[in-house]
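Peer 1: following is a predicted model, sequence given first.
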Amino acid sequence: MRIAAIILAAGESKRMGRDKALLPWPPHSAAQSNGSATTLVSAILRSVLRIADRSFVVTGGNHELLRGVIDPEVAVIRNPVPERGTFSSLQCGALSALKENIDAAVILHVDRPPVSSATLRLLTGSMMDRDSDACVAIVPSYGGRHGHPYMVSAGTLREFVKAPVTTNARDRMHGLGAVEYVECDDPAITFNLNTPVEYELAAAMLHQG
């Protein structure tokens, strides 16, 4: 099964006050031994290395900034109209991934912390026996709360591309009857990183000690 990772990073980060993709991760981490800082987008990309055959980062007004710090092997795609919302960025990433003949894609938001490798393996394993042409979405849960990232079949990606830009992914997936939930032991799936307060909370909860 060929898997794509689609990282949505086109938001303006207004509530955070700085580009979320470039926040240090782990939080408050010092520079690595080679002198380069670990950013949230680079941590997310590293987390999907073992499961993704191809990775795509969808940018907006921050395109030139992120293109300069992301590995050249990663496809950096500019959403020409990011003001149309997150779903428009997802459509940009889906179009690019489908051109690579992938069977499934894991959808990650740059305002969410990286999740464990066990969670990514769980999503992948849950997708393995599904028909890639069917409409399928695998969504993780922790303590009864649904979260991110989620994984979709190529069939679901094609439905995303065809949908109106005013759609959102959750409504589209439920409209297709495609959603399956899997329980995981990973609180990171429930965290948002939209504001400095949420970022500090994630730092305290996910990186204690």
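Peer 2: Now that the structure is in, tell me what you want to look at. Residues are numbered from 1 along each chain as shown.
Peer 1: which residue comes closest to residue 75 once chain neighbours are left out?
Peer 2: Excluding its sequence neighbours, the residue lying closest to residue 75 (C-beta to C-beta, 6 or more residues apart in numbering) is residue 56, at 4.7 Å. In short, each C-beta sits where N, CA and C put it, glycine included.
Peer 1: contact partners for that neighbour?
Peer 2: Residue 56 is in contact with 4, 5, 6, 7, 74, 75, 76, 77, 93, 96, 97, counting by C-beta atoms under 8 Å, 6 or more residues apart in numbering.
Peer 1: same thing with residue 192?
Peer 2: Residue 192 neighbours (C-beta under 8 Å, 6+ apart): 111, 112, 198.
Peer 1: surely the last one is in contact with residue 204?
Peer 2: Which is residue 198. No: using C-beta atoms under 8 Å, residue 198 is not in contact with residue 204; the gap is 10.8 Å.
Peer 1: give me the more crowded residue out of the two.
Peer 2: More neighbours surround residue 198 than the other of residue 198 and residue 204, with 16 against 10 (other C-beta atoms under 10 Å).
Peer 1: look at the more buried one and give its secondary structure.
Peer 2: helix (DSSP: H, G, I helix; E, B strand; the rest coil).
Peer 1: what mean pLDDT does stretch 189-203 get?
Peer 2: Confidence for stretch 189-203, expressed as mean pLDDT, is 89.
Peer 1: kindly report the same for stretch 156-168.
Peer 2: Stretch 156-168 carries an average pLDDT of 96.
Peer 1: centre of the chain to it, how far?
Peer 2: Chain-centre distance of stretch 156-168: 17 Å, with C-alpha atoms, centre = their mean, to the nearest Å.
Peer 1: then stretch 161-176?
Peer 2: 17 Å.
Peer 1: quick check: buried residues in that stretch?
Peer 2: Residues of stretch 161-176 classed as buried by neighbour count (16 or more other C-beta atoms under 10 Å): 163, 167, 169, 172, 173, 176.
Peer 1: got JSON lines for those residues, with distance to residue 49 too?
Peer 2: Below are the buried residues of stretch 161-176 laid out as JSON lines (distance: C-beta to C-beta, whole Å):
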{"residue": "163", "distance to residue 49": "30"}
{"residue": "167", "distance to residue 49": "30"}
{"residue": "169", "distance to residue 49": "24"}
{"residue": "172", "distance to residue 49": "28"}
{"residue": "173", "distance to residue 49": "26"}
{"residue": "176", "distance to residue 49": "29"}
